[in-house]
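In: just to be clear, the model below is a prediction. Sequence and coordinates:
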Amino acid sequence: MNNIDQGEYTYNTDHEMTILRFESIDGKNEIGMINFYPVHAVNLNNTNLLVAGDNKGYASYLFEKLKNPSGTLSGQGAFVAAFGQSNEGDVSPNLMGPKCIDTGLPCEFYTSTCNGRSEKYLYDKAQVFINGNGIVNFRHTYVDMQTINVSSHFTSTGRNETTCQAALGYAFAAGTTDGPGDFDFTQSANSTNIFWAILNHLIIIFSNLLKETWTSDSHIVIAGLANSYSHYITTYEEYQQQRYEGGSTLYGPHTLAAYQQLFYDLANNLARNQSVLSGPQPFDIRGRTISFLPPPLWDSVPIGKKFGDVITDVASSYKPGDTVRCSWWGANPRNDLFTEKSFLYVDQLVNEKWVEKDDIFMCVSLASYLVYSV
C-alpha cells in the first residue's frame, strides 16, 4: 500500500524465519525454542466463539508434542516451544489462503509440501552462537510517545517533525477486509458522517526500514508484540492512505520515524556500554479500564445436581473413527479461564486407576444449556 520502496524487495512480505534453540550446557538435553515468523496470529475470524490458540498456539502445541515424551499433556512437558510474533503487520492467509513457500500450492495440514518442516529443519540445523559464557545485554527505557521531537534524519518529509497525542482514526473503526467493523465507518476516510459527528499492506515495510537503522552485519529480530500493545505502525506514505493500519497508528504520521530515532539511540548506548535514563513511568491503569464484554451474570444447576455431574455418559467401548458424545452440568467458561489447566481431559482406566491421556480440543464441540447459564 503506497510503498515507495517496493522495488527494493523481492517479495511483498517478509519470508525470513528465525529460531532460537536452547539446550543444557552439556548439550545433552533440549530445553526449548523460540520461533519468530511474521504472520498475523489471528486466522480465525471474528465470528469464532470457540476456545482456540489460533495458529501460533497450535504450532506451539504440535512442536511440544513432537519434542516431549509420548503421552505428555500440553503445557506439562519439560520442552517448551514458543512461537512468538515478529514484524507481522496484517500479513494474513485469510484472504488468499496459506501457500507453501517451496511450491506456492495451497498449504493444508495433510497435503502440504512444507507441512511444518521448515520449523523442524531450522531447529535441527541450529548452530551454537552462545555457549553459556557469552554476554546477553539490553537497554530499556520508558518513553512518552506523544511528545517526541523527531530529527529530519529520520523523517520522510526531510524536516524536523513531532509526534502527536494518541488517537485512532476513522479507518480503525472500519475494520479490515476479513474483519469489518460494526458501524458505517469506511477505510481511507479522513472525516466521518454527520451522524457520528453529532454523537461525537502492508506494515511489513516498516520493519525493513527499522532494520536498516542498524549495520548490515547485524541480525535483527523484531518482537512485534513486546511489553505493551500500541496498535499498528505504518510508514509515513502508508499513513496518508488511511486504511485500517494507517487509522490504527497512534501517534500520527511520524510514529515510525520516532521509533527509528529511539531505537537508534538505544542501539548506540548498547554498543558503547552506556546507561540510559529509565524515562517517565507509565500510568497504572489497573481498575480504571472499561470492558465492553459483560461478565457472566449467573450460572446454576437443577436442584440436587452439582457442577460436573454427568448427564449422559460415554459408551463402554469405541472403534477407531467413532464419535464420543457425553454431557455434564457445566458453566460459562469465562467464570474460570483454567489457566495452566484444561477444560477437558480424556482419562483412561489403567489398573483400576484413572490416568490422564489427552487434553486436545481440536475435535471437541461444547454445547451449553442456556437456561441455566446467563
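Out: In hand now; what should we look at?
In: which residues are contacting the top strand by length along the chain?
Out: When the chain is parsed with DSSP state E, its longest strand is strand 30-37. With C-beta atoms under 8 Å, 6 or more residues apart in numbering as the test, strand 30-37 has contacts from 16-24, 59, 63, 67, 78-86, 119, 123, 221-223. Every C-beta, even on glycine, is put in place using the N, C-alpha and C of the backbone.
In: what's the PyMOL line that selects buried ones from those?
Out: To isolate the buried ones among the contacts of strand 30-37 in PyMOL, judged by 16 or more other C-beta atoms under 10 Å, type:
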select buried, resi 17+18+19+20+21+23+59+63+67+79+80+81+83+84+85+86+119+123+222
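In: picking that back up, what residues sit buried inside the longest strand of the chain?
Out: Using 16+ other C-beta under 10 Å as the test for burial, strand 30-37 gives Gly32, Met33, Ile34, Asn35, Phe36, Tyr37.
In: now distance to Trp329 and pLDDT too, for these, in TSV please.
Out: What follows is the buried residues of strand 30-37, written out as TSV (distance: C-beta to C-beta, whole Å; pLDDT from 0 to 100):
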residue	distance to Trp329	pLDDT
Gly32	39	95
Met33	41	93
Ile34	41	93
Asn35	40	91
Phe36	43	89
Tyr37	42	85
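In: which residues in the stretch 201-350 of the chain form strands?
Out: Assigned strands in the stretch 201-350 of the chain, in chain order: 310-312, 327-328, 346-350 (criterion: DSSP state E, counting those that start in this stretch).
In: so which elements touch the longest one?
Out: So that's strand 346-350. Other helices and strands packing on strand 346-350, by 3 or more C-beta pairs under 8 Å, 6 or more residues apart in numbering; DSSP states H and E, are strand 353-358.
In: give me the contacts around the strand it packs on.
Out: Gly71, Leu73, Tyr345, Val346, Asp347, Gln348, Leu349.
In: would you map the helices across this protein?
Out: Along the chain, the segments classed as helices by DSSP state H run 54-67, 117-124, 170-174, 194-199, 204-211, 236-241, 244-247, 255-271.
In: ok, back up a step: strand partners of the longest strand of the chain, parallel vs antiparallel please.
Out: Based on DSSP bridges, the pairing partners of strand 30-37 within the sheet are strand 18-23 (antiparallel), strand 80-85 (parallel).
In: tabulate those (a markdown table), appending distance to Asn43.
Out: Converted to a markdown table, the strands paired with strand 30-37 look like this (distance: least, C-beta to C-beta, whole Å):
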| stretch | distance to Asn43 |
| --- | --- |
| strand 18-23 | 21 |
| strand 80-85 | 13 |
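In: and those strands as TSV, adding distance to Pro106 and mean pLDDT?
Out: Listed next are the strands paired with strand 30-37 as TSV, based on distance: least, C-beta to C-beta, whole Å; pLDDT from 0 to 100:
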stretch	distance to Pro106	mean pLDDT
strand 18-23	25	89
strand 80-85	21	91
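In: can you say which of the strands of the stretch 201-350 of the chain is nearest to Leu277?
Out: When the strands of the stretch 201-350 of the chain are compared by C-beta to C-beta, strand 346-350 sits nearest Leu277, at 53.6 Å.
In: now do that closest one: distance to the chain's middle.
Out: For strand 346-350, the separation from the chain centroid amounts to 34 Å (computed by C-alpha atoms, centre = their mean, to the nearest Å).
In: CA atoms only: put that strand into CSV for me.
Out: The C-alpha atoms that make up strand 346-350 are tabulated as CSV, following Å, rounded to 0.1, in the frame of the first residue of the first chain:
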residue,chain,number,x,y,z
VAL,A,346,-9.5,-37.6,28.4
ASP,A,347,-8.8,-40.3,31.0
GLN,A,348,-8.1,-44.0,30.6
LEU,A,349,-8.7,-46.6,33.3
VAL,A,350,-5.3,-48.3,33.9
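In: could you check the angle that strand makes with strand 353-358?
Out: Using axes from the mean of the first three to the mean of the last three C-alpha atoms, to 10 degrees, the direction of strand 346-350 lies 140 degrees away from that of strand 353-358.
In: each with direction, which strands does strand 346-350 pair with?
Out: Under the criterion DSSP bridges, strand 346-350 sits next to strand 353-358 (antiparallel) in its sheet.
In: neighbours of Ala257, how many?
Out: Neighbourhood size, Ala257 [other C-beta atoms under 10 Å]: 24.
In: tell me how the chain divides into domains.
Out: 6-124, 145-271, 294-374 (automatic domain parsing).
In: so for the longest one, mean pLDDT?
Out: The pLDDT scores in domain 145-271 average 76.
In: partners of His231 in the sheet?
Out: Assessed by DSSP bridges, His231 has beta-bridge partners Thr249.
In: measure it to Glu245 for me?
Out: Applying C-beta to C-beta, to the nearest Å, the value for His231 to Glu245 is 9 Å.
In: who's more crowded, the two?
Out: Shown here are His231 and Glu245; by other C-beta under 10 Å, Glu245 has more neighbours (26 against 15).
In: skip the chain neighbours and tell me the closest residue to that one.
Out: Tyr232 (4.4 Å; C-beta to C-beta, 6 or more residues apart in numbering).
In: now for that neighbour, how many residues are close by?
Out: Neighbour count for Tyr232, taken as other C-beta under 10 Å: 20.
In: separation between it and Tyr37?
Out: Tyr232 is 18 Å from Tyr37, by C-beta to C-beta.
In: check His254 too.
Out: Taken as C-beta to C-beta, the span from His254 to Tyr37 is 29 Å.
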